[in-house]
Every structure is written in C-alpha cells, then in structure tokens.
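J.: how would this look folded up:
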Amino acid sequence: MRSLSRTPEGVAARHGLAVALATSAYGISFGALAVASGLDVWQTCVLSLLMFTGGSQFAFVGVIAAGGLAAAPAAIASAALLGVRNAAYAMRMAPIVAGGFWRKAAATPFTIDESVAVGLAQDEPRARQAGFWVTGVAIWVGWNLSTLLGALLGDVLGDPRAYGLDAAAAAAFLALLWPRLRGRQPLAVAAGAAVVAALLTPALMPGIPVMAAAGVAVVVGLFDPRPPVPEPRDVAEQKGMP
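T.: This is a model prediction of the structure:
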C-alpha cells in the first residue's frame with residue numbers, strides 16, 4: 001500500500017503547502033504597508049479576511065497611501081479590476097471542484113492565482129482537487145496570520161521605506177506578471193500598459209492611471225484577430241489523453 005505522501009493527492013498537498021509558505025510571507029509586508037497607509041490594525045485584518053487577493057489588496061493600499069481618503073473610489077476600482085481575473089479562474093475551476101452549489105460557493109474565496117496554478121498543474125482529478133483546496137486554505141490561514149503580524153509590527157518598524165517595504169506592492173505585481181510574459185502579445189500589452197501608466201501618473205489622481213493601463217489589454221483583445229491558443233493540457237483533455 002502506497003504511503004499517503006506518495007500518492008498524487010499527497011504530492012499535490014505538499015506542493016500546495018510549499019506555495020502557501022512562500023506566499024504567506026507577503027502578508028507581513030501588506031500588514032505593515034496598510035498601517036503605514038493610514039489603516040488601523042482591525043481595518044487591515046478585515047481587508048485580508050474579506051478581500052483576500054494579494055494583488056488587489058496591494059493596489060488598494062498603494063492608491064490610498066498616494067492619494068489619501070480622497071482616492072478611495074479609485075482605490076476600490078483598481079482593486080476590483082485586478083480581482084476580475086478570479087471570476088475567470090472560477091469558470092475554469094468549476095468542473096474540477098465539482099459538487100453542488102454550496103461546495104462551489106465554499107471554494108469561491110480560495111480561488112486565487114496560487115490555488116488555481118497548483119490545482120491545474122496536477123494530472124489526476126483527485127490530485128487537482130487536493131492541490132486546489134490545500135493551497136487555497138493554507139494560504140488563507142497563513143496570509144491572515146502574517147497580515148496581523150505585519151500590522152502589529154508596523155508601528156514598531158516605523159517608516160516602511162527604510163526597509164524597502166514600500167516596494168513590496170511593485171514586487172508582488174512583478175512576481176505575478178513575469179511568468180505570464182511569454183510571446184509577443186503579452187509583452188506588447190505589458191509595454192503598452194507601462195507607457196500609458198507612466199504618462200498619466202503625473203497628471204491624474206492615483207489609481208486612475210492603473211485603470212487606464214488596464215484598457216490597453218482590452219483594446220488588444222478586441223482588435224486581435226487570432227483565435228486563442230489552447231494550453232497543451234487542454235488539448236490533451238480534448239483528445240481524451242490522460
């Protein structure tokens with residue numbers, strides 16, 4: 001009888017825990033940055049509990065830090081734009097999560113970049129489920145604990161710029177973006193968005209340049225005549241291959 005840790009489900013769980021350990025470390029930076037941006041400890045923790053999508057959270061506190069409460073509408077809009085991708089993830093993961101309405105509803109808060117990536121990286125259906133659930137739940141627990149730690153340490157640390165924490169948001173976005181820059185189209189979208197954001201940042205309220213830069217991807221998607229190229233795994237599934 002195989003050891004549980006050597007089964008596909010066990011391997012997926014180990015991968016998920018490893019990803020969760022690395023990802024949760026970002027929470028300390030987020031907690032410290034949120035407090036430095038004007039949020040208190042409770043507001044910071046509630047934001048992580050309810051929003052729970054790292055890129056959107058960094059965008060929110062980044063815009064608030066730059067523009068204060070007056071930039072709150074732009075901060076909310078920027079965070080919402082970054083969170084839209086999770087809806088696409090949900091459609092992709094629905095057949096993998098399986099089950100009825102309540103099971104899929106329970107999976108909603110855990111449908112994030114990392115849980116989807118670990119889940120889809122597995123070859124067997126049960127391993128995909130294990131990778132998704134273990135990664136999502138472990139990151140949720142670790143992220144919220146590290147957010148609390150970072151928020152509590154925020155006042156002790158003082159100015160986050162002294163430790164380079166002010167660059168955490170940019171680093172987090174680059175970490176998410178870099179693996180996706182494969183092919184000419186993603187590179188063109190990234191370059192165009194960067195140029196638009198750089199040109200508009202000096203003239204517009206914080207957060208607005210981010211939303212304008214997102215429009216570059218929309219324009220490219222509308223006018224690109226090429227059909228989407230399926231991933232190798234999707235092609236194998238369509239052919240009935242394991």
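J.: show the average pLDDT along the helix or strand Val46 falls within.
T.: Using DSSP states H and E, Val46 sits within helix 41-50. For helix 41-50, the per-residue pLDDT values average out at 89.
J.: stretch 202-213 too?
T.: Per-residue pLDDT values across stretch 202-213 average out to 66.
J.: got the end-to-end distance for it?
T.: Across stretch 202-213, the straight-line distance between its terminal residues is 14 Å, by Cα to Cα, to the nearest Å.
J.: next: stretch 32-47.
T.: Counting by Cα to Cα, you get 13 Å between the two ends of stretch 32-47.
J.: list the buried ones in it?
T.: Applying a neighbour-count criterion of 16 or more other Cβ atoms under 10 Å, the buried positions in stretch 32-47 are Ala32, Leu33, Ala34, Val35, Ala36, Ser37, Leu39, Val41, Thr44, Cys45, Leu47. Placement of C-beta: from N, CA and C, glycine included.
J.: tell me the pLDDT of the third one.
T.: Per-residue pLDDT puts Ala34 at 85.
J.: which non-adjacent residue is nearest it?
T.: Beyond its immediate neighbours in the sequence, the residue positioned closest to Ala34 (Cβ to Cβ, 6 or more residues apart in numbering) is Thr44, lying 4.0 Å away.
J.: wait, isn't Leu49 in contact with Trp143?
T.: No. Counting by Cβ atoms under 8 Å, Leu49 stays clear of Trp143, with 9.4 Å between them.
J.: which of these two has more neighbours?
T.: Between Leu49 and Trp143, Trp143 has the larger neighbour count (other Cβ atoms under 10 Å), namely 26 against 14.
J.: right, I'll leave it there.
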